[in-house]
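Engineer: how would this look folded up:
(2 chains)
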2 protein chains.
Amino acid sequence: MPADLCPADAALAARLPQGVLRDPAPAYLEEPRGRWLGQAGLIAAPRDTAECAAIIRACAEARVPVVPRGGGTGLVGGQVMSQGPAPLVLSLERMTAIRSIHPDEGVMIAESGVTLHAAREAAARVGRQFPLSLASQGSAQIGGVLATNAGGVNVLRYGNARALCLGIEAVLPSGEVMHDLKRLRKDNTGYDLRDLLIGAEGTLGIITAASLVLAPVPAETGVALLVVDGPEAALTLLSLAQARMAGGVTAFEMIAGQGLRFLAEAFPEMRQPFPAPPDWSVLIEVGLPDGLSAQAALEGLFAAGVEAGLASDGVIAQSGREAAELWALREHIPLANRHVGAIANHDISLPLSEIARFIADAGAMIAAEGDMRINCFGHLGDGNLHYNFFPAPGRTREDYDQYRKPMTRRIHEMVVARGGSFSAEHGVGRLKAADLAEWGDPARLAAMRAIKAALDPVGIMNPGVILA
Amino acid sequence: MPADLCPADAALAARLPQGVLRDPAPAYLEEPRGRWLGQAGLIAAPRDTAECAAIIRACAEARVPVVPRGGGTGLVGGQVMSQGPAPLVLSLERMTAIRSIHPDEGVMIAESGVTLHAAREAAARVGRQFPLSLASQGSAQIGGVLATNAGGVNVLRYGNARALCLGIEAVLPSGEVMHDLKRLRKDNTGYDLRDLLIGAEGTLGIITAASLVLAPVPAETGVALLVVDGPEAALTLLSLAQARMAGGVTAFEMIAGQGLRFLAEAFPEMRQPFPAPPDWSVLIEVGLPDGLSAQAALEGLFAAGVEAGLASDGVIAQSGREAAELWALREHIPLANRHVGAIANHDISLPLSEIARFIADAGAMIAAEGDMRINCFGHLGDGNLHYNFFPAPGRTREDYDQYRKPMTRRIHEMVVARGGSFSAEHGVGRLKAADLAEWGDPARLAAMRAIKAALDPVGIMNPGVILA
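Structural biologist: Down below sits the predicted model:
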């Protein structure tokens, strides 16, 4: 972190555009897991891009750190600065316009404060979909999902946030506004600053609006929960599904038996489809062309899976309500995890062919350490596992305090050794900045530092995030 | 261009790894349109990444410009430096290994000298496809298609080169090697240097290998050539097709009557499907799931298009041979253009809803200027038109020399005013560097210059490209 930054103070407040300051409510200083608490500097919420630029210029001149804030749902502490001079928190909450929507182009221009839920609703109203979908979509905002390159359950088919963005408008650390809100599928006119700011977690500027991809709504959709023999069988089933569906698999989520047992514990009223939780199951969603029945396609896939020895049981949703019930199981797993209380969580990704071995090896490593329960679930089709472990029944997470750091380290070591990532979809934030410094490729890190210094020489933008 | 670069000379040659130098054959100094001729400095072809890095380090120390060279098929002069000190041309031709292929992961690691054709063949051998497809694929190399973020005919479904790359290995201008050849769909660990180097046209480093996405081969494919009422009807037909095919449209290419007439002139032996060339037609290709007949789906689309007043005639391929014949028509149009001899070519993109008006307005503008023929064709689904104009019959392109620059300028003005791009898929190179300086967003240009200076402070990497 730059040594000579200054705290946000009354002198800075006096230089901000009229009416942008907000009361420093606690919500501006919190993050969902309660690990850090931000400092109460100034909270500013611009109404438009010009105000946002004026705030950044004032902060740059006063050398005051800026912490951009969207819905505040990030899980790596990117939205809270708890050390160093008290920052100005810049909330995008008032920039909530959908500036334009172009159903025939498959494009929508949305400001950064639009929630993901609102963006999805706006697309649905014109008969299109904005396919990014994640648990926190009611609060998460477009600016935040882009700044963190958020993932979620539809990445397999539609890509992550980066793949769904055609262009951005952003305030750079200098206070200049970069106008690049193109509605174009192809534009090869120089460096890809859009993708550089996407995923930069607010350290290279503030995205104020984005040109987003709207996809056609598939004519036929279907959902099934299939019991599989294990992670390897699940991945072979995915290959089979992709070949049969011409890439029409929109989600492929793995669920562990432990996850279903946690669900039963936390949400006993939820109906579970199998009498006993199977060790491994996958939730599969497909989106298919007109003229094919999604149910029939899933039945065909299930039969082929059984024939190939990959699947042994299954439920195919017969209605939208049943599909929603299957999805609810998957979506409640993180809530059930929170109810049980994890010792440690990991958002990792692996090459698909390394997954089965990793799960076996990591499970053995944890079993050798002590009496813990593992819930390994997530976006299997993307190679993205949420690998979390929990106290044995009757014990608390505090009983395992000494395990947390060394075991997280070993998990990350195992992931990196297999060509995986220690942050698949949540980003680096402040939580994993030291991990990146340790495990990142040296040449890549040097280039990142050079770019940060070139675009933000004073170092005001979200200090401590990504590059510690 | 930096003022103090030095020519590649014998002293530099003596410092290069043994055996990397090649004879300065003319082919290393040419580009396809013959507009520029490169200078005969040194030609070096490393056998591996370490040699590539050693060459770059030697050039950085000697302040010698480096011109990276793939297949040499680029159309904007990025591969030839005809001014300034004679450069070292760094050819990737000897780095042709497919390092590994992972059909079940849908990933292939290929070195930069692998031709696009060879990459596609390697994917096909394991039952997958590498979907990037363009006219020059027999010569174009992976490094070049990534450096220029090449497009082609399948962008509509699979994205451009950038969307098909999971990670890269690259030699940075410092001579350091960035190792980022991940086989991961999700990896949010810092700035997106991959996408920064992709499309940077060799000005920020040299991509030496890439982790490429292999897609499933659709169970059913089909091709049709449909006669449409005009560009607007074509786009409405595309919307209809996307809705019916659940995004399964893999190509949607517009063909103008002028293009078919040029074809008849240049290739009289080619069989054309319609007795008289229709003013506008679209070649549509679909890739569909198992259980659907692509032919039937195209017949259904055609019937719906006729019903909606969008299409009036059509040919649906009944065999692979017929599909190939339809594609051959589209693929021969650029060759026919070359046979006729264009006054000027434009590789532009527009928001889809601006296309019909642009075509009308640009046509009127050109008609008012003089007696010229327009062939406007291309990747309509991507909003990417190749908008080229030609002499009237019996006249030569030299007769129109005075039109070229001012009319290109007016075309670009019209494109930019409509939110379009003056370089959709060919890149900036040296040809359009002045256009970018003029039309580019000032804040974006400033950020690009800052990044270039940060990563390549001596300015050795492909000087004059993108940032003049």
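
Engineer: immediately after the longest helix anywhere in chain A, which helix or strand?
Structural biologist: Selection of the longest helix in chain A by residue count, based on DSSP state H, yields helix A:320-340. Next helix or strand after helix A:320-340 toward the C-terminus (DSSP states H and E): strand A:347-349.

Engineer: After that next one, heading C-terminal, what element do we hit next?
Structural biologist: Sequence-wise, the next helix or strand downstream of strand A:347-349 (DSSP H and E) is helix A:355-369.

Engineer: What's the first helix or strand after that next one?
Structural biologist: In N-to-C order, the element after helix A:355-369 by DSSP H and E is strand A:372-379.

Engineer: Return that following strand as CSV; C-alpha atoms alone will do.
Structural biologist: The C-alpha trace of strand A:372-379 is given here as CSV (Å, rounded to 0.1, in the frame of the first residue of the first chain):
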residue,chain,number,x,y,z
MET,A,372,-13.9,-33.1,9.9
ARG,A,373,-16.7,-33.1,7.5
ILE,A,374,-16.2,-32.0,3.8
ASN,A,375,-18.8,-30.4,1.6
CYS,A,376,-17.4,-30.2,-1.9
PHE,A,377,-19.9,-28.9,-4.4
GLY,A,378,-20.3,-26.4,-7.1
HIS,A,379,-19.9,-25.6,-10.8
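
Engineer: Just want the angle from that strand to helix A:320-340.
Structural biologist: 140 degrees (axes from the mean of the first three to the mean of the last three Cα atoms, to 10 degrees).

Engineer: And chain B, is strand A:372-379 touching that?
Structural biologist: Yes. Judged by Cβ under 8 Å from any Cβ of the partner chain, strand A:372-379 and chain B are in contact via A:H379. Where you see a C-beta, it was placed from the backbone N, CA and C, and this is true even at glycine.

Engineer: in the longest helix of chain A, what's buried?
Structural biologist: A:322-323, A:325-327, A:329-334, A:336-337, A:340 (16 or more other Cβ atoms under 10 Å in any protein chain shown).

Engineer: Name all residues that make contact with A:G138.
Structural biologist: A:G138 sits next to A:T115, A:L116, A:H117 when contact means Cβ atoms under 8 Å, 6 or more residues apart in numbering or on different chains.

Engineer: Name the member of those residues with the most neighbours.
Structural biologist: Ranked by the number of neighbours (other Cβ atoms under 10 Å in any protein chain shown), the contacts of A:G138 place A:L116 first, at 27 neighbours.

Engineer: ok, and the closest non-adjacent residue to that one?
Structural biologist: In space, and not counting its chain neighbours, A:L116 is closest to A:Q137: 3.9 Å by Cβ to Cβ, 6 or more residues apart in numbering or on different chains.

Engineer: One more: A:D48?
Structural biologist: Counting by Cβ to Cβ, 6+ apart, A:D48 lies nearest to A:M95, which is 6.8 Å off, once chain neighbours are set aside.

Engineer: and that neighbour, how many residues sit next to it?
Structural biologist: By other Cβ under 10 Å, the residues close to A:M95 number 23.

Engineer: residues touching it, list them.
Structural biologist: Applying Cβ under 8 Å, 6+ apart, we find A:M95 in contact with A:P46, A:R47, A:D48, A:T49, A:C52, A:E111, A:S112, A:G113, A:V114, A:G143, A:T208, A:A209.

Engineer: can you check A:G190 too?
Structural biologist: Residues in contact with A:G190 (Cβ under 8 Å, 6+ apart) are B:G199, B:V428, B:L436, B:G440, B:R444, B:L445, B:M448, B:I466, B:L467.

Engineer: residue ranges of the helices in chain A, please?
Structural biologist: Remark: helices assigned in chain A by DSSP H are A:10-15, A:49-62, A:116-125, A:142-147, A:155-158, A:193-197, A:231-245, A:257-266, A:294-307, A:320-340, A:355-369, A:401-417, A:433-439, A:442-455.

Engineer: elements contacting the first one?
Structural biologist: Here helix A:10-15 touches helix A:49-62, going by 3 or more Cβ pairs under 8 Å, 6 or more residues apart in numbering or on different chains; DSSP states H and E.

Engineer: got the buried residues for the helix it packs on?
Structural biologist: Quick answer for helix A:49-62 (16+ other Cβ under 10 Å): A:T49, A:E51, A:C52, A:A53, A:A54, A:I55, A:I56, A:R57, A:A58, A:C59, A:A60, A:A62.

Engineer: Tell me the one of the residues you listed nearest chain B?
Structural biologist: Closest approach to chain B among the buried residues of helix A:49-62 (Cβ to the nearest Cβ): A:A53, at 9.8 Å.

Engineer: so what's the nearest residue to that closest one once chain neighbours are set aside bridging to?
Structural biologist: Once flanking residues are discounted, A:A53 sits nearest to A:V171: 4.8 Å by Cβ to Cβ, 6+ apart. Assessed by DSSP bridges, A:V171 has beta-bridge partners A:V177, A:I206.

Engineer: how close does A:V171 sit to A:M95?
Structural biologist: 11 Å (Cβ to Cβ, to the nearest Å).

Engineer: Leaving out chain neighbours, which residue sits closest to the residue most central in space within chain A?
Structural biologist: By Cα atoms, centre = their mean, the mean C-alpha position of chain A lies nearest to A:A150, the distance being 3.4 Å. Spatial nearest neighbour of A:A150, chain neighbours left out: A:A161 (4.8 Å); criterion: Cβ to Cβ, 6+ apart.

Engineer: which residues does the nearest residue to A:Y158 once chain neighbours are set aside contact?
Structural biologist: Spatial nearest neighbour of A:Y158, excluding adjacent residues (Cβ to Cβ, 6+ apart): A:P131 at 3.8 Å. When contacts are counted by Cβ under 8 Å, 6+ apart, A:P131 touches A:N154, A:R157, A:Y158, A:L164, A:A215, A:T250.

Engineer: Among the residues you listed, which pair sits farthest apart?
Structural biologist: The most widely separated members of these, counting by Cβ to Cβ, are A:L164 and A:T250 (13.6 Å).

Engineer: Lovely, talk soon.
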